[in-house]
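Enquirer: Fold the following and give me the result.
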Amino acid sequence: MAKTQINIRMDDETAEMARQAAETRRIPVNEYVEQLIRNDNEQVRAVFMATAQQTLDEFADLFDEIEGEQGEQGESRT
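Expert: Residues are numbered from 1 along each chain as shown. Next up, the predicted model:
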């Protein structure tokens, strides 16, 4: 996979925390930051999918009713 370079700015304390965390994991800081971003996006996606499923479950009857009404309207036009 191709890599793109970006520059980020952070305060000294945060930069040191990133260095130490990467060192503990024995990976470069850029790889550590990449993992954090990927993990964050995966968590956001998981929350979104769970919420979407909850909404579908909660309103399934309403969705079925609306779908039925739309089907009836299409039938009455023909």
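
Enquirer: from here on, contacts and neighbour counts on C-alpha atoms
Expert: Fine.

Enquirer: Quick check: the residue most central in space within the chain vs Ala52, distance?
Expert: Centroid-nearest residue in the chain: Arg45, 2.6 Å away (criterion: C-alpha atoms, centre = their mean). Using C-alpha to C-alpha, to the nearest Å, Arg45 is found at 10 Å from Ala52.

Enquirer: Any stretches of the chain with poor pLDDT?
Expert: Within the chain, the ranges that satisfy pLDDT under 70 run 71-78.

Enquirer: Could you pick out the longest helix of this structure?
Expert: Looking across the chain with DSSP state H, the single longest helix is helix 29-58.

Enquirer: Just list what that one packs against, helices and strands only.
Expert: Counting contacts by 3 or more C-alpha pairs under 8 Å, 6 or more residues apart in numbering; DSSP states H and E, helix 29-58 packs against helix 12-25.

Enquirer: Check which residues of the helix it packs on are buried.
Expert: Within helix 12-25, the residues scored as buried using 16 or more other C-alpha atoms under 10 Å are 18-19, 21-22.

Enquirer: any residues touching that helix, and which ones?
Expert: 28-29, 31-33 (C-alpha atoms under 8 Å, 6 or more residues apart in numbering).

Enquirer: before we move on, back to that, what are the buried residues along the longest helix of the chain?
Expert: 29, 32.

Enquirer: Distance from the chain centre to that helix, please.
Expert: Offset of helix 29-58 from its chain centre (C-alpha atoms, centre = their mean, to the nearest Å): 3 Å.

Enquirer: This completes my enquiry, with thanks.
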